[in-house]
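Visitor: make a model of this:
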Amino acid sequence: MRETTKSLVAVTCAAVALIAAGCGTTSENTGQVRAQDPTKNCHGPNGKYTIGMSQANLAEPYRVRMDDDIRQAAGKVPQFEVQFADAAKDNSKQVSDVENFITKQVDLLMISPNEAAPLTDVVKKAYNKGIPVVVLDRKIDGDAFSTYIGADNVQIGRQAGEYFRNTVLPQGGKIVQIKGLSGSTPAAEREQGFKDGIQGSPIEIVATADGEWERSVGQQKMDALLKAHPDIQAVYAQNDPMAEGAYLAAQAANRNDLKFVGIDGLPIPSGGIKAVEEGRLQATNLYPTGGAEAVEAAKKLLVDCQPVPKSQTLQTQLVTKDNAAEIYARLNQG
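Guide: Predicted coordinates:
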């Protein structure tokens, strides 16, 4: 009798599971990702499309530039209207921003997540509702998106590490690292790549601090690092604003001997390329915003009715004083 009861329970549970699957609820309740027709929202060149762009914050110049690049590229596609939201480094606000875009039934979601884990579920929710999703720069967990666009952060970190090993400290030495926001994927990847790049050399990372991607925080953390480790020779900062903040802290401490390397290389007067050209940084590493590429992906999905690759890797380049002026001019053409 007991075995019969167990069998009935099992059959009932299986039936409930099948009914839930038929109703299309299992992907949201169990974390599964629904297969998506990449051209479902495409109505061709005669359609009108609303795009929601959820930005992690606008405190970083890089993110301001990303939004500007999206705005400029979208301005050339008459079918597009882009609505922007600034999460201001607040995961819960970014979740709310994406929920709002879902409620508005945008035709496509663009997002640069503040942190991966807290944004994964809401992005998956949008994707499972049939909204194409373009993820920029920072990743989410899993694969609930149409395309990811960004440079290879491990490669960029490795490129920076190799520059330290070959040029900044070929004889070795002590350095500090100023990381970006710990929960963001570029922070972990740029750290791993950098360690790969200096592997086998006598360079020692004596301390690491979280600079939250911001110049003012980088300056504060560098001030404390200098007091704790006065014998360092150089600084690896995971973006240019933090590198510039560290530079200011070093200047205030009369440490004109220190060397600084950053990442981003924005081609603007206050960006990393000019900082290299003017001698504040020894080098930076180009990290394209992907804004134009995001709009091109949206155009393919919504206007051209074409699929897009799951991942699009943007190219980077080491910027030193030897090539800074040429790269700045090239990136500002047109």
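Visitor: look up phi and psi at the residue nearest to A188 when sequence neighbours are not counted.
Guide: Beyond its immediate neighbours in the sequence, the residue positioned closest to A188 (C-beta to C-beta, 6 or more residues apart in numbering) is S182, lying 7.9 Å away. For glycine as for every other residue, the C-beta is placed from the backbone atoms N, C-alpha and C. Reported as degrees, to the nearest 10, the phi and psi values for S182 are phi -60, psi -30.
Visitor: state the helix or strand in which M110 lies.
Guide: strand 108-112 (DSSP states H and E).
Visitor: for the helix or strand just after that strand, buried residues please.
Guide: Heading C-terminal from strand 108-112, the first helix or strand you meet, by DSSP H and E, is helix 116-128. Neighbour-count burial for helix 116-128 flags 116, 118-128 (criterion: 16 or more other C-beta atoms under 10 Å).
Visitor: picking up where we left off before, what packs against the strand holding M110?
Guide: Counting by 3 or more C-beta pairs under 8 Å, 6 or more residues apart in numbering; DSSP states H and E, the packing neighbours recorded for strand 108-112 are strand 49-55, helix 61-74, helix 91-104, helix 116-128, strand 133-136, helix 291-302.
Visitor: give me that answer again for 10 Å
Guide: strand 49-55, helix 61-74, strand 80-86, helix 91-104, helix 116-128, strand 133-136, strand 147-151, helix 291-302 (3 or more C-beta pairs under 10 Å, 6 or more residues apart in numbering; DSSP states H and E).
Visitor: so what's the residue count around the residue nearest to A188?
Guide: Here the neighbour count serves as a burial measure; for S182 (other C-beta atoms under 10 Å) it reads 12.
Visitor: ok, it - contacts?
Guide: Residues near S182 by C-beta atoms under 10 Å, 6 or more residues apart in numbering: 115, 188, 191, 208, 210, 212.
Visitor: pull the most distant pair out of these.
Guide: Greatest spatial distance among these (C-beta to C-beta): E115 and T208, at 17.9 Å.
Visitor: who has more neighbours out of these two?
Guide: Neighbours around E115 and T208, counted as other C-beta under 10 Å, are more numerous at E115. The numbers are 19 against 16.
Visitor: skip the chain neighbours and tell me the closest residue to that one.
Guide: G183 (3.5 Å).
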